[in-house]
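Peer 1: based on what follows, work out the 3D shape:
(one chain, ligands or ions: 1)
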Amino acid sequence: DWTMGAYREEAIRKIREQVGTERVICGLSGGVDSSVAAVLIHEAIGDQLTCVFVDHGLLRLGEAEQVVTMFRDTYNIPLIHADESDLFLGALEGVSDPEVKRKTIGRLFIEVFEKHAKSIGGARFLAQGTLYPDVIESVSFSGGPSVTIKSHHNVGGLPEKMGMKLVEPLRELFKDEVRALGRELGLPVPFIGRHPFPGPGLAIRCPGEITREKLDILRRADAVYIDQIRKHGLYDDIWQAFAAILPMKTVGVMGDGRTYDYALALRAVTSVDGMTADYYPFTHDFLGETATRIINEVQGVNRVFYDCTSKPPGTIELE
Ligand code: XMP
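Peer 2: Here you go, the predicted model:
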């Protein structure tokens, strides 16, 4: 792709110019954006870059292992795997307000990055895979008055005291362009095609209070749902699909017993940039089969809903 080839050269030049001989740490989430940012920055400045992958305890099943393996083994990019699940889940205990959740997570991310910036001998720059829609959605919505819909934790400047500057080489790009750049950089195709996953992770797919029990149920249900979508060959037709665990239990019957378990919402949308989205029209057969599989395979769930809200008025995530 000619355009992306040129973008790549220009971005590399700008990164070198911005950081000079300083050290950079890059927050890696395992998603496409931060991965493309990391590979691009690594190409520009080599081992001046250290990636920090923060496991906040809000990742999906098997996600931490996958990310660490890919970056250490495939790319040989220096990577710190920070297991901070106790820190994050501890701070989120009893928190149910969506904005408080996001702000808490954002604050802790900064604390953890700060700690590791020091541990590698003083990084002056923090790199993030912020995209253009992240930038605009944080300040305004659909040309209307300036309203913050959600505080994306990876946008909006750093606290002064951190004394670090941001490196955001994808700030002018939309998702499809980031994927094109990823292909240009030679990232594995299945990886580039991964659905977006938000920085606050499963926290915003667990409306209400977050508990380890709920996260565990959610992780297992989400894995079954994604497996269903892949088995039916639908993964690449969908912008993003995930399960969310609802803050309620309902009554059901299984065998000859009464159950009182969690309800799940399944979400799947099509979109070009995440700014607007349509719910995905699964067949009734697919939905029925998926609900049955989840209830049979995941203990703690006895009811499954399908979210047929488009954006607007719904957002893609539940919080
Ligand atoms: P919403 O829920 O705002 O999501 O319709 C739009 C897209 O953005 C992702 N998203 C986030 N990504 N940090 C991120 O890195 C965040 O705080 C965040 N919140 C939402 C969401 O998954 C969807 O792709």
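Peer 1: tell me the bridge partners for Val167.
Peer 2: Judged by DSSP bridges, the bridge partners of Val167 are Ala127.
Peer 1: for it, what are its contacts?
Peer 2: Shown in contact with Val167 (CB atoms under 8 Å, 6 or more residues apart in numbering): 15, 18-19, 24, 26, 41, 125-128. The way it works is simple: take the backbone N, C-alpha and C, and place the C-beta from them, glycine included.
Peer 1: where does it land on pLDDT?
Peer 2: The model reports Val167 with a pLDDT of 95.
Peer 1: re earlier: what about the contacts of Val167, which one has the most neighbours?
Peer 2: Ranked by neighbour count (other CB atoms under 10 Å), the contacts of Val167 have Ala127 at the top, with 31 neighbours.
Peer 1: surely it is in contact with Arg23?
Peer 2: No: using CB atoms under 8 Å, Ala127 is not in contact with Arg23, being 10.8 Å away.
Peer 1: quick check: neighbours shared by these two?
Peer 2: Common neighbours of Ala127 and Arg23, counting by CB under 8 Å, 6+ apart, are Leu49.
Peer 1: follow-up on the earlier one: reformat the contacts of Val167 as TSV; add distance to Gly255 and pLDDT.
Peer 2: TSV is the format used below for those (distance: CB to CB, whole Å; pLDDT from 0 to 100):
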residue	distance to Gly255	pLDDT
Ile15	60	98
Gln18	63	97
Val19	62	97
Val24	57	96
Cys26	51	94
Ile41	55	97
Phe125	58	94
Leu126	53	93
Ala127	53	94
Gln128	50	91
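Peer 1: quick one: mark the members of those that sit in strands.
Peer 2: Among the contacts of Val167, the subset assigned to strands under DSSP state E consists of 24, 26, 125-127.
Peer 1: who does Met254 bridge with?
Peer 2: Applying DSSP bridges to Met254 gives these bridge partners: Gly257.
Peer 1: can you tell me how far it sits from Asp216?
Peer 2: The gap separating Met254 from Asp216 is 19 Å, by CB to CB, to the nearest Å.
Peer 1: likewise Glu84?
Peer 2: 18 Å.
Peer 1: ranges for the helices of the chain?
Peer 2: Counting by DSSP state H, the chain has helices at residues 2-19, 32-45, 63-69, 85-92, 98-119, 132-137, 175-184, 189-192, 212-231, 284-297.
Peer 1: out of those helices, nearest to Gly274?
Peer 2: helix 132-137 (5.5 Å; CB to CB).
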